[in-house]
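**Q** Starting from these lines, generate the structure:
(one chain, ligands or ions: 1)
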Amino acid sequence: MDTVTNGNKISLQGVTKTFPGKRGTVTALKDLSMDVEDGEFLVVVGASGCGKTTLLNLVAGFDTPSRGSIFLDGEAVTGITPECGMIFQQYALFPWKTVQENVEFGMKMKRMPLADRQARAARFIDIVGLKGFEKSYPHHLSGGMKQRVSIARSLANNPKVMLLDEPFAALDAMTRQVLQEQLVRIYEKHRKTIVFITHSIDEALLLSSRIVVMTARPGRIAQEIVNDLPHPRNADVQLSSRYMELKRTIWDSVQAEVMKSMEVETEG
Ligand SMILES: Nc1ncnc2c1ncn2[C@@H]1O[C@H](COP(=O)(O)OP(=O)(O)OP(=O)(O)O)[C@@H](O)[C@H]1O
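**A** So this is what the prediction gives:
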C-alpha cells in the first residue's frame, strides 16, 4: 500500500520492527498502529527500551519497518523524509560551523539562495533567543544554547513534522523549563505537528495535546490520554486537581510497564 486517505499527518499501521540481537531477534515494536493529526503535540512516554527512539527513526525514514507501513500526509514513508525535522538529546551540531552556518545547513543543502537562507537563519536564531551568537561555535555555547541552535536549525528548514527525542533530558531544570516554554510558544505560533519523547511525566503534561504511554518491549500503545489541561500551563494549572489526576493516571500506567520491562530483562 503506497497511500492512505485517513487525513492524518502521520499514520502507523501494524508496524513491527525487529533487530538481530546477541541472544536472538529483539522485537522493538510489535504491530503498532497509531495516528497523529495535523497540528497535534503528541508526547510519547514509556519504559526504557520500549521502542520510542525506534518509532521516531521509522517515522523519519532513518530505518524501515520489518512489517507494516508508515504514512506521512497519506504517502508511504520509504526513505529519509526531508519533511521531518529530528532533534536529538545530544544536539548533533557541526562543531566546526558557527551558529549561523549550522542553522543555514539544511537550507544550503536544498540550494536556497545565500541571501534568503542568511535572512531566514537570522530570523530563527532570533526566535530562539540567540541573537548576537551567530558567529559563535558550538563549544562556546551552553547545553541549552546548543539545543536552541538545533531547534532553530530544524525550524528554519520548515519541516512539516518535528520529531524530538528527549531533547531536554541533558539540561538542568531551569534551562529545561525555559526551553519547554519556548517550544510551546513556537508550537502555538507555527502549529507544527510534533512528536516528542520524554521520560518526564511533568514535561509530557506541560507540553502535550495528547500523551501516548507505550508498553514494555515490544512496544505497543498501553494508554492514550487527551491532555485537556488549560493553557498557559502555569503554576496554578500544575497545582490543580486535574493535573494531579492525570499525573497519577500516567504514572500508574508507566510504572506498570516499567515493572513488566524489568521482568522481561530478568527473564532474558
Ligand atoms: N540498531 C539496533 N540494533 C539492535 N537492537 C536495537 C537497535 N536499535 C534499538 N534496538 C533495541 O530495540 C529496543 C528498543 O530500543 P529503543 O532505543 O527504541 O528504546 P527507547 O524506548 O527509545 O529506550 P530509551 O528510553 O532507553 O531511550 C531495545 O531493546 C534496543 O536494544
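**Q** Up against the ligand, what does the stretch 101-250 of the chain have?
**A** Arg217 (CB under 6 Å from any ligand atom). C-beta here means a position set from N, CA and C on the backbone, and glycine is covered the same way.
**Q** Now for Phe94, how many residues are close by?
**A** Per other CB atoms under 10 Å, the neighbour tally for Phe94 reads 12.
**Q** Equivalent analysis for Asp116, please.
**A** Residues near Asp116, counting by other CB under 10 Å: 10.
**Q** What is the subsequent helix or strand relative to the helix or strand harbouring it?
**A** Using DSSP states H and E, Asp116 falls within helix 114-127. For helix 114-127, the succeeding helix or strand toward the C-terminus, using DSSP H and E, is helix 143-156.
**Q** Strand partners (parallel or antiparallel) of the following helix or strand past that next one?
**A** Next along the chain after helix 143-156, taking DSSP H and E as the criterion, comes strand 161-165. Within its sheet, strand 161-165 is paired with strand 84-87 (parallel), strand 193-197 (parallel), according to DSSP bridges.
**Q** who's in contact with strand 161-165?
**A** 9-10, 36, 52-53, 56, 59-60, 72, 83-89, 154-155, 192-197 (CB atoms under 8 Å, 6 or more residues apart in numbering).
**Q** And the helix or strand that comes right after it, how far out from the chain middle?
**A** Downstream of strand 161-165, the first helix or strand assigned by DSSP H and E is helix 173-190. Its chain's C-alpha centre and that of helix 173-190 lie 13 Å apart, by CA atoms, centre = their mean, to the nearest Å.
**Q** shift numbering so it begins at 54
**A** Yes, from this point I'll number from 54; that puts the last item at helix 226-243.
**Q** the inter-axis angle of helix 226-243 versus helix 167-180?
**A** 130 degrees (axes from the mean of the first three to the mean of the last three CA atoms, to 10 degrees).
**Q** which helices and strands sit right next to helix 226-243?
**A** helix 196-209, helix 254-260 (3 or more CB pairs under 8 Å, 6 or more residues apart in numbering; DSSP states H and E).
**Q** Val311 should be in a helix, yeah?
**A** Yes - Val311 sits within a helix when classified using DSSP: H, G, I helix; E, B strand; the rest coil.
**Q** ok, it to Gly60 distance?
**A** From Val311 across to Gly60, the span is 35 Å (CB to CB, to the nearest Å).
**Q** The two: who's more crowded?
**A** Neighbours per residue, other CB under 10 Å: of Val311 and Gly60, the larger number sits with Val311, 14 against 11.
**Q** so what's the more buried one closest to, chain neighbours aside?
**A** What sits nearest to Val311 in space, not counting adjacent residues and going by CB to CB, 6 or more residues apart in numbering, is Ala100, at 4.4 Å.
**Q** can you pull the contacts of that neighbour?
**A** Met267, Ala269, Arg270, Val307, Glu310, Val311, Lys313, Ser314 are the contacts of Ala100 under CB under 8 Å, 6+ apart.
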